[in-house]
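> pasting a predicted model and its sequence here:
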Amino acid sequence: FIEKRALEEASKGAASAQISVELLEIYNEQVRDLLNEKKGTEGYENFNLALSSNEAVGNVVFEANHEEEVFSVLEKAQKRRCVKATKSNAESSRSHLIFSMNYIVTKASGVQRKSKLSICDLAGSERLSKSESYGSARKEAQHINKSLSTLSNVIEKLQQKSNHVPYRESKLTCLLHNSLGGDSKTLAIICCNPLGDHFQESTCSLRFAQKLNKVELKALGNISC
């Protein structure tokens, strides 16, 4: 936001910058809009958004002017995210969360420069024998594990520079398509548990990070009028 104000002041009206944010949750292979304030008979009407060209259709995009507004949006959305207790974790995320910030600079000539920062908080893979999940929690774990497996497969295909990358096999990889391939830069942060009981999960996480680190992406600047 400091850069936004500095750019507009330096351009003396010749350019304007717009920052907007959106928050999506992928729960049981359904895309939810965590910023939707509308309420229906079963709570917030944020269920099962359609996807088009790797983007959610009809979700709320909030235009922000200050950092405080973004933090307020994040706090509100975090309260709506699906979290449950399991034998492995007292507050287990039952969904993937994607926070996106769009930055658009428009010049008086109409030329635009667009960029997008997406931060994805992945739900951790779950061993059903350890978490002892059953019922709806078991179904959630199965969807989480399947989407993470698809993400791993996508990373492997990118590493191999395959002609076909299966982005469309899950909602997660479909939404992350623009962040994982082509015109982008990607950073992975892995959280590992130092306890011996979680050695296998931590090892799998580190192997995933090693695989991701071998992917070569090339970011370019695109200009559209």
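It's in.
> hang on, Thr173 in a strand?
No. Thr173: not assigned to a strand; according to DSSP: H, G, I helix; E, B strand; the rest coil it is helix.
> in this structure Trp159 contacts Asn213, no?
For the record, residue 159 is Gln, not Trp. No. Using Cβ atoms under 8 Å, Gln159 is not in contact with Asn213; the gap is 9.4 Å. (Glycine included, C-beta is placed from N, CA and C.)
> which of the two has more neighbours?
A count of neighbours by other Cβ atoms under 10 Å puts Gln159 above the other of Gln159 and Asn213, at 14 against 10.
> now do the strands in this protein.
15-27, 30-33, 39-40, 43-44, 51-52, 55-56, 62-64, 83-84, 92-93, 96-107, 112-121 (DSSP state E).
> buried deepest among those strands, which one?
strand 30-33 (a mean of 22; mean count of other Cβ atoms under 10 Å).
> that one: partners in the sheet, and parallel or antiparallel?
Here strand 30-33 is paired, per DSSP bridges, with strand 15-27 (antiparallel).
> alpha carbons only: can I get the partner strand in CSV?
What follows is strand 15-27 as a C-alpha-only set of coordinates in CSV (Å, rounded to 0.1, in the frame of the first residue of the first chain):
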residue,chain,number,x,y,z
ALA,A,15,-1.4,6.4,-13.3
SER,A,16,-3.6,4.8,-10.7
ALA,A,17,-3.2,1.6,-8.7
GLN,A,18,-5.9,-0.7,-7.4
ILE,A,19,-5.5,-3.5,-4.8
SER,A,20,-8.2,-6.1,-4.2
VAL,A,21,-8.3,-9.3,-2.2
GLU,A,22,-10.3,-12.5,-2.4
LEU,A,23,-10.5,-15.6,-0.1
LEU,A,24,-11.5,-19.0,-1.2
GLU,A,25,-11.8,-22.3,0.7
ILE,A,26,-11.6,-25.7,-1.0
TYR,A,27,-13.7,-28.1,1.2
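> kindly calculate the angle that that strand makes with strand 112-121.
For strand 15-27 against strand 112-121, the angle by axes from the mean of the first three to the mean of the last three Cα atoms, to 10 degrees is 30 degrees.
> so what's the gap between strand 15-27 and the chain middle?
11 Å (Cα atoms, centre = their mean, to the nearest Å).
> now swap in stretch 116-123 and tell me
The answer for stretch 116-123 is 3 Å, by Cα atoms, centre = their mean.
> those helices in the chain, which residues are they?
For the chain, helices defined by DSSP state H occupy the ranges 2-11, 67-80, 128-131, 136-159, 171-175, 177-180, 199-213.
> which residues does the nearest residue to Lys114 once chain neighbours are set aside bridge with?
Once flanking residues are discounted, Lys114 sits nearest to Ile104: 5.1 Å by Cβ to Cβ, 6 or more residues apart in numbering. For Ile104, the beta-bridge partners are Gln18, Lys114 (DSSP bridges).
> surely Ile104 touches Lys4?
No. With contact defined as Cβ under 8 Å, Ile104 does not reach Lys4; the gap is 10.3 Å.
> so what sits against both of those two?
Ala17 (Cβ atoms under 8 Å, 6 or more residues apart in numbering).
> in this protein, what spans have low per-residue confidence?
2, 39-47, 84-92, 127-134, 182, 218-225 (pLDDT under 70).
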